[in-house]
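> give the three-dimensional model of this entry:
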Amino acid sequence: MRKIIHIDMDAFYASVEQHDHPELRGIPIAVGGGEARGVVCAASYEARSFGVRSAMSGAEARKRCPHITFVPVHFERYKEVSAAIHSIFHDYTDIVEPISLDEAFLDVTENKPGIPLAVDIAKELRRRIWEELGLTASAGVSYNKFLAKIASEERKPNGLCTIHPDQALEFIERLPVESFWGVGRATTRRMHELGIRTGADLRERSLQELQRHFGKAGQTFYDFARGIDERPVEYERVRKSIGCEHTFETNTAEPLELEQRLLEVLSDLKGRLARRSFRGRTLTLKLKFADFSIQSRAYSATHLLEEAELETEALSLLRGVELSGRSVRLLGLTVSNPPEELRPGMWVQQWLDFDPASLELKLL
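The predicted structure is shown next:
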């Protein structure tokens, strides 16, 4: 039986800022979100007590907490701290699956120090993260990824929870379905309409019924309700694409201005491609309009695209879009489709490419 730990840093970006800037400790802060179209990337627990959450607009955050302090995103610093955290992880196991900068799964079934109990490893990880980096982490321990992740949420912040195999079914029975992995708002509404509100309710439904209502996800929900999750901790991932997006401060429908902004996106993209030594055969253009509708166009070649081609093809794709006077709020470019023979050498962690500048408010 596997021994899985899920580590989730507590209010990571905000906690790093409060660690680095003592004057911010004990007060409500939001990372990001200060500009006109800003979005809160992270909120301190002091801000969360006022209802401020990540992905909330800066305006809404200020409305809920008028005395909130906004601090700029320092992404390079967060990556530096995350790398230090992962270095600690690798003292115990190399089977580490990053989910984001502040979250990861570890398989410690076989571990470097030979510690028999996963809970003792989780305690050491949390202790070292605090002593070496001054940050708190919550940990969940169980025999699969689903339960380990659920466990890490149980006692946040700065908590530790273990779900033993003989406790799993009882634990799952009382879980609200919205706590299940893969159950978002739409699925929650659908389950509630069907009278499914807890893990116990979910377990009463047949596989056939769940598949009828939820398709392939029905099998996953059926298994989760029974404490089954066979997914391994995946510690290597193949890079298949690299992209870059810019959200504008003000929308524009001017073709020449859009071309200039596209070249700015392309410049950033070229830098990312160079840093990752990545090449592909497909270039995709993405436009998001003022009404949040999205349009994309792609160009594919039979050869690897050269840097000089990217500008020509990017502009060609943009000029082929019928704007009809519609204003554009975001432009994005992605290079994808690397040849098979290049993929084995491109093991990277996807979370390294997160760009906070691409965050924007999603109005539903």
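> torsion angles phi and psi at Asp201?
phi -60, psi -40 (degrees, to the nearest 10).
> which ones are touching it?
Applying CB atoms under 8 Å, 6 or more residues apart in numbering, we find Asp201 in contact with 177, 195. (Glycine included, C-beta is placed from N, CA and C.)
> which pLDDT value belongs to it?
Note on Asp201: pLDDT of 97.
> secondary structure element for Ser138?
For Ser138, the host element (DSSP states H and E) is strand 137-142.
> do the same with Ala59
Secondary structure assignment for Ala59, by DSSP H and E: helix 58-64.
> next helix or strand past whatever helix or strand Gln219 lives in?
If you go by DSSP H and E, Gln219 is part of helix 217-224. Per DSSP H and E, helix 217-224 leads on to strand 241-252 as the next helix or strand towards the C-terminus.
> and that next one, what other elements does it pack with?
Under the contact criterion of 3 or more CB pairs under 8 Å, 6 or more residues apart in numbering; DSSP states H and E, strand 241-252 touches helix 255-276, strand 282-289, strand 328-336.
> quick one: those as a markdown table, columns for distance to Gly320 and mean neighbour count too.
Putting the helices and strands packed on strand 241-252 into a markdown table (distance: least, CB to CB, whole Å; neighbours: other CB atoms under 10 Å) gives the following:
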| stretch | distance to Gly320 | mean neighbour count |
| --- | --- | --- |
| helix 255-276 | 12 | 15 |
| strand 282-289 | 9 | 20 |
| strand 328-336 | 14 | 21 |
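> figure out which of these is closest to Ile228.
Nearest to Ile228 among the helices and strands packed on strand 241-252 is strand 328-336 (33.9 Å), distances taken as CB to CB.
> what bits of the stretch 251-364 of the chain have low per-residue confidence?
Counting by pLDDT under 70, the ranges of the stretch 251-364 of the chain that qualify are 340-364.
> quick one: Pro113 from Ala151, how far?
22 Å (CB to CB, to the nearest Å).
> Gly182: neighbouring residues, count only.
Number of residues near Gly182 (other CB atoms under 10 Å) recorded here: 11.
> no no, Arg64
Around Arg64 there are 15 other residues, counting by other CB under 10 Å.
> quick check: it touching Ser49?
No. Using CB atoms under 8 Å, Arg64 makes no contact with Ser49, being 10.1 Å away.
> for the helix or strand hosting Ile150, buried residues please.
Per DSSP H and E: Ile150 is located in helix 145-154. Across helix 145-154, burial judged by 16 or more other CB atoms under 10 Å covers 145-152.
> for the following helix or strand past that helix, which strands pair with it and how are they oriented?
Following helix 145-154 in sequence order, the next helix or strand is strand 160-162 (DSSP H and E). Note on strand 160-162: by DSSP bridges, its sheet partners are strand 137-142 (parallel).
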